[in-house]
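> sequence first, predicted model second:
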Amino acid sequence: MAIQVVKKSGKAEPFQRQKIVDSCTKAGAPADVAASIADDIEKSARDQMPTSEIRVLVLDRLGRVRPEWRQSWEKYEQSKGQKK
């Protein structure tokens, strides 16, 4: 059975590895690094894991590889928050 993650709204949806890959590449990571991060997160994901925990794991991995990728992700999130 597919792993379900729980979004901030409380809605559960299937874990989607590609979302992590896309987010990491948008933050500046090359596709191979983004895929590696997504693979690691997928292996450690558990059913009903909050997406907020996944976010922390991804940001940690991005920051360990290249701190500017983490900063890029955080800047993007801030810009999204200001548009609302």
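Yes, it's here. Please read all numbers here as calculations on a predicted model, not as lab measurements. Numbering: from 1, shown residues only.

> how about low-confidence regions in this structure?
Filtered on pLDDT under 70, the chain yields the residue ranges 1, 82-84.

> all strands in it, in order from the N-terminus.
Ranges of strands within the chain are 4-6, 12-14, 49-50, based on DSSP state E.

> dump those strands to a markdown table, plus distance to Glu42 and mean neighbour count.
Every C-beta, even on glycine, is put in place using the N, C-alpha and C of the backbone. Below are the strands of the chain laid out as a markdown table (distance: least, CB to CB, whole Å; neighbours: other CB atoms under 10 Å):
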| stretch | distance to Glu42 | mean neighbour count |
| --- | --- | --- |
| strand 4-6 | 11 | 18 |
| strand 12-14 | 12 | 11 |
| strand 49-50 | 11 | 15 |
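
> would JSON lines of the ones you listed with distance to Ser36 be doable?
Formatted as JSON lines, those follow (distance: least, CB to CB, whole Å):
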{"stretch": "strand 4-6", "distance to Ser36": "20"}
{"stretch": "strand 12-14", "distance to Ser36": "21"}
{"stretch": "strand 49-50", "distance to Ser36": "19"}
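
> among those, which is nearest Gly28?
strand 4-6 (24.0 Å; CB to CB).

> contacts for the closest one next, please.
With CB atoms under 8 Å, 6 or more residues apart in numbering as the test, strand 4-6 has contacts from 12-15, 45, 47-51, 54.

> can you list the strands that it pairs with?
Paired strands of strand 4-6, with direction, are strand 12-14 (antiparallel), strand 49-50 (parallel) (DSSP bridges).

> in JSON lines, list the ones you listed along with distance to Asp60.
Shown next, in JSON lines, are the strands paired with strand 4-6 (distance: least, CB to CB, whole Å):
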{"stretch": "strand 12-14", "distance to Asp60": "22"}
{"stretch": "strand 49-50", "distance to Asp60": "15"}
